[in-house]
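**Student:** what shape does this take:
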Amino acid sequence: MANGAEVRLVVVGAGHMGLNHIKKIQSMRSRMNARVTAIIEPDDLRGQSIVRDFPADSKPQLLSNIGQIQSLSKESMPDAAVIAVPANIHVETTAACLAKGMHCLVEKPLGFSALDVRDLASQARNSKKILQVGHLERWSLAHLWGNWKPKMGPWTINTVRSGPFVPRVADTDVIQDLMIHDLDLWVLLDSIFKFSKIEKVRAWGRKLRSGHLDYAIVALDMEDGGMARFFASRLSADSSRNWELTGPGWHASLDFMRRTLKRFERVGRDMNAFEARESHWPSGDPLGLEIEAFVHRVRGTWESSHAAQDLMTNSICGPDKIIPSAENVLRTHEIIDEILSCIKVLDA
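**Tutor:** Numbering: from 1, shown residues only. Modelled structure (predicted):
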């Protein structure tokens, strides 16, 4: 694709997240030189109501299934797909889009096992297509953490990710729905700081609303004495997205909802001899960054883009680690496989 070429996108699934993607692409259309040329949505009334909001000269084609893509004109034929269908059909939908020659941006989870992820990664690699995954919290962590390099040694990490029950995500469990974000961020940090090996995995959960796990606690114990504890619930009255971390001579608190990182590092022997610093990302736009990165990668202009340069300057690591691909989310799914193989379901 030529560097200045317009990127044509099809959004597959126009539910909650699909509509968010459509609105974001529309708001960034001029800046990215990308547009939605087709929407695949089996609910015709919903689809028509979304298409109606587009300007008269740029209304996307409305399709009911992927097979109808072949009916599109050359001007509307998409270069790439944004996949926001229900989680239980992510794998088959992504495989179908790759088979039709499209680059893919897929909402998490990419699959329900490491095997799913390996298979899709192989298909994307063989077809020379980009396969990017929608792990939005990576963009928040990248900007909040910045160039901070905390002292190594055994770390403890405690995460809480909770919120009210939402029926639209009842087709999957709370680990694949919520906890996956924190597990993925732990894997990202591990790829940078090289934590000690996991010695033991323990997990507990409950099924109360959806028929799947709605509440889960996971414990990862490391060989060097470090530990990570993950709590996820969709049975809470209020939402929270927090991390508490400690290491040799430092402690820190991350709030992903307020986009703040407060860290304290020892500078003397006294109990109050800690230097406090705070990072804040008030204008963060994770979804916009995710889509912008995808569009630039499809066009082949990512390395020269403003977003890439910003990540190189202000991020915890380079864009190659931050951008979630099938290859670098595989470890997350391997850990989830292990969790689900040993989890104790309470009251089962």
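
**Student:** residues in contact with the residue nearest to residue 176 when sequence neighbours are not counted?
**Tutor:** For residue 176, the nearest residue in space outside its immediate sequence neighbours is residue 109; the separation is 4.7 Å by Cβ to Cβ, 6 or more residues apart in numbering. Placement of C-beta: from N, CA and C, glycine included. By Cβ atoms under 8 Å, 6 or more residues apart in numbering, the contact set of residue 109 is 87, 90, 172, 176, 180, 333.

**Student:** how much space separates residue 109 from residue 214?
**Tutor:** 16 Å (Cβ to Cβ, to the nearest Å).

**Student:** residue 147 now?
**Tutor:** 38 Å.

**Student:** with neighbour numbers in mind, choose between these two.
**Tutor:** Here residue 147 and residue 214 are compared on neighbour count by other Cβ atoms under 10 Å; more neighbours surround residue 214, at 21 against 9.

**Student:** returning to that earlier point: quick check, pLDDT for the residue nearest to residue 176.
**Tutor:** Here the pLDDT value assigned to residue 109 is 96.

**Student:** 646 is where my numbering starts, stick with that
**Tutor:** Yes, from this point I'll number from 646; that puts the last item at residue 754.

**Student:** what secondary structure does it sit in?
**Tutor:** The assignment at residue 754 comes out as coil when based on DSSP: H, G, I helix; E, B strand; the rest coil.

**Student:** what distance do you get for it to residue 704?
**Tutor:** Residue 754 sits at a distance of 32 Å from residue 704 (criterion: Cβ to Cβ).

**Student:** tell me the buried residues in the lowest-mean-pLDDT helix or strand in the chain?
**Tutor:** Among the helical and strand segments of the chain, the one scoring lowest on mean pLDDT, DSSP states H and E is helix 951-959, with a mean of 80. Along helix 951-959, these residues count as buried under the neighbour rule (16 or more other Cβ atoms under 10 Å): 952-953, 956.

**Student:** can you check stretch 879-898 too?
**Tutor:** By neighbour count, and taking 16+ other Cβ under 10 Å as the criterion, the buried residues in stretch 879-898 are 879, 886-888, 890-892, 895-897.

**Student:** how long is that stretch from one end to the other?
**Tutor:** 22 Å (Cα to Cα, to the nearest Å).

**Student:** contacting residues around that stretch?
**Tutor:** Contacts of stretch 879-898 with the rest of the structure, by Cβ under 8 Å, 6+ apart, involve 782, 795-811, 814, 819, 822-823, 826-827, 853-854, 859-860, 899-902, 905-911.

**Student:** just the helices in the stretch 846-993 of the chain please.
**Tutor:** Assigned helices in the stretch 846-993 of the chain, in chain order: 931-944, 951-959, 964-967, 971-987 (criterion: DSSP state H, counting those that start in this stretch).

**Student:** tell me the mean pLDDT over the shortest one?
**Tutor:** Right, the one you point to is helix 964-967. The model assigns helix 964-967 a mean pLDDT of 84.

**Student:** so for that helix, what gets flagged as buried?
**Tutor:** Neighbour counts over helix 964-967 (16+ other Cβ under 10 Å) mark 964, 966-967 as buried.
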